[in-house]
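Engineer: below is the structure, and that's it, no one-letter string:
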Ligand SMILES: [Zn+2]
C-alpha cells in the first residue's frame, strides 16, 4: 500500500544490482549465473565498442521501472497487529526475508515464484512511529534489497478490574521457582523459528464462541496493575472441543502455574499458538496436527475467573492479536484444507 517508500535510500550500486536482477528475466539460466556477470562479460568482450556501453547505460533505467515491489496489507497499523508483506520481482525469487522491529521474519513463495509473502508482527509493546521493513532476497542469482515503511499508529486499550484467588496475585514463595522455570521454558519455545512452514491458508476460530475481551487490555487484578492481556479470550463452556486453528507440531502439553493446562502448537516460520486454561488434553508433545484437529477441551484451570479459552499467538517472538492473524491470513494465498 505504501509504495511511496520505494527506492528511498537506494545506493547506485543497489540500483545496478536491481538492474542486473531484472535483466535475468531475459536470460536467466538454471545454474544461477547472474545478470551482472553477463553484463561484465559483455563489456569485457566488447569494450572496444562504445555502442555496447550506450546500450547498457540506456538499458538500466528501463529495467529499473520493472523493479522489485514490496507492499503490505493489515486491518490496521497498531501495536499487536499482523501485517502481510508481499514481494514481487520480474524473475523467480529464490529466498526472501524481512527485517523489522529488530526481528527477522521469514517469507515464503506463493504459486507464482515471482511473488513471495510473509507475515510481520507488530509487538503489543511497540511504540507508535515510522519503522523500516528491510526486505532482502535472492533472485536470478543476485541479491536485492528494498526498504518499506510502516507507520504504526497509537491505540488505546481498555482497562478492567478483576478479582482472583490471592495466590495468583502474590504467588507463595514455594511456587516462585516453578513459575520462573515455566517462564523460561515458554520463552525458549517462542525464541525458536522453525524453518518449515506447517500452516497454510486462513487461521480458523478454535471454538465457536465470540471473543469476550480484547487483546492488549490492561488489567487491575485485586487492585494491582498487571501487564497487558497477551491473548484473546473466547466465550466457551467447560468441555468445548478446541480445534487447532492451523496445521503444526505440538511442542508443549503441560500444566503451568498461571495458564493452567496449556498446549503450544508450532505452526512454523516463527508462528505459535498458545491455548490456556484447558480442562483436558487431547494431544501429546511431538504430535503433528492438521487444521481442525481437537487439541484439548475448554476449562478453568490456572488464573481465571471462569471457564473460557485463552488464545495467544506469537510471531517471531512478537505478541500479536489472534483475531488479526485470522483476518490477515484470510487473504494469504494458499490451499485451505480446513
Ligand atoms: Zn486470557
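Structural biologist: Sure thing, it's come through. Everything quoted here is computed from the prediction, not taken from an experiment.
Engineer: surely residue 289 and residue 247 touch.
Structural biologist: Yes - counting by CB atoms under 8 Å, residue 247 is a contact partner of residue 289 at 6.4 Å. To be clear about C-beta, it is placed using only N, CA and C from the backbone, and glycine gets the same treatment.
Engineer: direction included, what does the helix or strand hosting residue 276 pair against?
Structural biologist: Using DSSP states H and E, residue 276 sits within strand 271-278. If you go by DSSP bridges, strand 271-278 pairs up with strand 260-268 (antiparallel), strand 309-315 (antiparallel).
Engineer: for residue 154, which of the ones you listed is the nearest?
Structural biologist: strand 309-315 (20.6 Å; CB to CB).
Engineer: could I get the buried residue list for that closest one?
Structural biologist: For strand 309-315, burial by neighbour count (16 or more other CB atoms under 10 Å) applies to 309-315.
Engineer: and stretch 231-242, by the same measure?
Structural biologist: 231-236, 238, 240-242.
Engineer: cool, stretch 154-170 as well?
Structural biologist: For stretch 154-170, it's none, nothing buried (16+ other CB under 10 Å).
Engineer: outside of it itself, list whatever touches it.
Structural biologist: 76, 78-80, 128, 175, 213-214, 216-224, 228, 258, 302-305 (CB atoms under 8 Å, 6 or more residues apart in numbering).
Engineer: so for that stretch, mean pLDDT?
Structural biologist: The pLDDT scores in stretch 154-170 average 86.
Engineer: the bottom helix or strand of the chain by mean pLDDT?
Structural biologist: The weakest-scoring helix or strand in the chain, judged by mean pLDDT, DSSP states H and E, is helix 12-27 (a mean of 29).
Engineer: check the stretch 51-200 of the chain for the residue nearest the ion and tell me.
Structural biologist: Closest to the ion within the stretch 51-200 of the chain is residue 162: 10.7 Å, counting by CB to the ion.
Engineer: mind checking the strands paired with strand 271-278 for the one nearest to the ion?
Structural biologist: Judging the strands paired with strand 271-278 by CB to the ion, what sits closest to the ion is strand 309-315, at 3.3 Å.
Engineer: for whichever helix or strand comes after the closest one, packing partners?
Structural biologist: Following strand 309-315 in sequence order, the next helix or strand is strand 318-320 (DSSP H and E). On a contact count with 3 or more CB pairs under 8 Å, 6 or more residues apart in numbering; DSSP states H and E, strand 318-320 meets strand 115-121, strand 309-315.
Engineer: can you tell me if strand 318-320 touches the ion.
Structural biologist: No - Strand 318-320 stays clear of the ion (CB under 5 Å from the ion), getting no nearer than 12.4 Å.
Engineer: please name the residues that touch the nearest residue to residue 68 once chain neighbours are set aside.
Structural biologist: Nearest residue to residue 68, sequence neighbours excluded (CB to CB, 6 or more residues apart in numbering): residue 89, at 4.5 Å. Neighbouring residues of residue 89 by CB under 8 Å, 6+ apart: 21, 68-69, 114-115, 137, 139, 144.
Engineer: which stretches of the stretch 101-250 of the chain form helices?
Structural biologist: 173-190 (DSSP state H, counting those that start in this stretch).
Engineer: where does the prediction get shaky in it?
Structural biologist: Residues of the stretch 101-250 of the chain meeting the criterion pLDDT under 70: 213.
Engineer: that'll do, ta.
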